[in-house]
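Trainee: Sequence isn't available, so here's the structure alone:
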């Protein structure tokens, strides 16, 4: 399941919690971003 983070309060929000309104249920913020997974570093040769 996809999840977003609120830019204002930085809490995780599931897509199902957003329904039709794209507003943070915790703080009312309207800007979200997808949390990245672990970054894998590769050494150049």
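Mentor: Alright, I've got the coordinates. Just so we're clear, the structure is a prediction, and the values are computed from it rather than from any experiment.

Trainee: CA atoms for contacts and neighbours, from now on please.
Mentor: Fine.

Trainee: wait, isn't residue 13 in contact with residue 7?
Mentor: No. The criterion here is C-alpha atoms under 8 Å, and residue 13 misses it with residue 7 at 11.0 Å.

Trainee: More neighbours: which of the two?
Mentor: It is residue 13, of residue 13 and residue 7, that has more neighbours when counted by other C-alpha atoms under 10 Å, with 19 against 15.

Trainee: Tell me the secondary structure of that one, please.
Mentor: Judged by DSSP: H, G, I helix; E, B strand; the rest coil, the three-state class of residue 13 is strand.

Trainee: need the helices for the chain, in chain order.
Mentor: 15-18 (DSSP state H).

Trainee: show me where pLDDT drops low in it?
Mentor: Across the chain, the ranges flagged by pLDDT under 70 are 1, 17.

Trainee: mind running it again at 80?
Mentor: The chain contains residues with pLDDT under 80 at 1-2, 14-21, 35-39, 45.

Trainee: and the closest residue to residue 32 other than its chain neighbours, what is it in contact with?
Mentor: If you skip the residues right next to it in sequence, residue 32 has residue 6 as its closest partner in space, 4.7 Å away by C-alpha to C-alpha, 6 or more residues apart in numbering. The contact partners of residue 6, by C-alpha atoms under 8 Å, 6 or more residues apart in numbering, come to 12-13, 24, 29-33.

Trainee: Residue 6 and residue 19, how far apart?
Mentor: 15 Å (C-alpha to C-alpha, to the nearest Å).

Trainee: Identify all contacting residues around stretch 32-45.
Mentor: With C-alpha under 8 Å, 6+ apart as the test, stretch 32-45 has contacts from 3-7.

Trainee: Pull out the buried residues from it.
Mentor: Buried residues in stretch 32-45, counting neighbours by 16 or more other C-alpha atoms under 10 Å, are found at residue 32.

Trainee: what's the distance between residue 37 and residue 3?
Mentor: Residue 37 is 12 Å from residue 3, by C-alpha to C-alpha.
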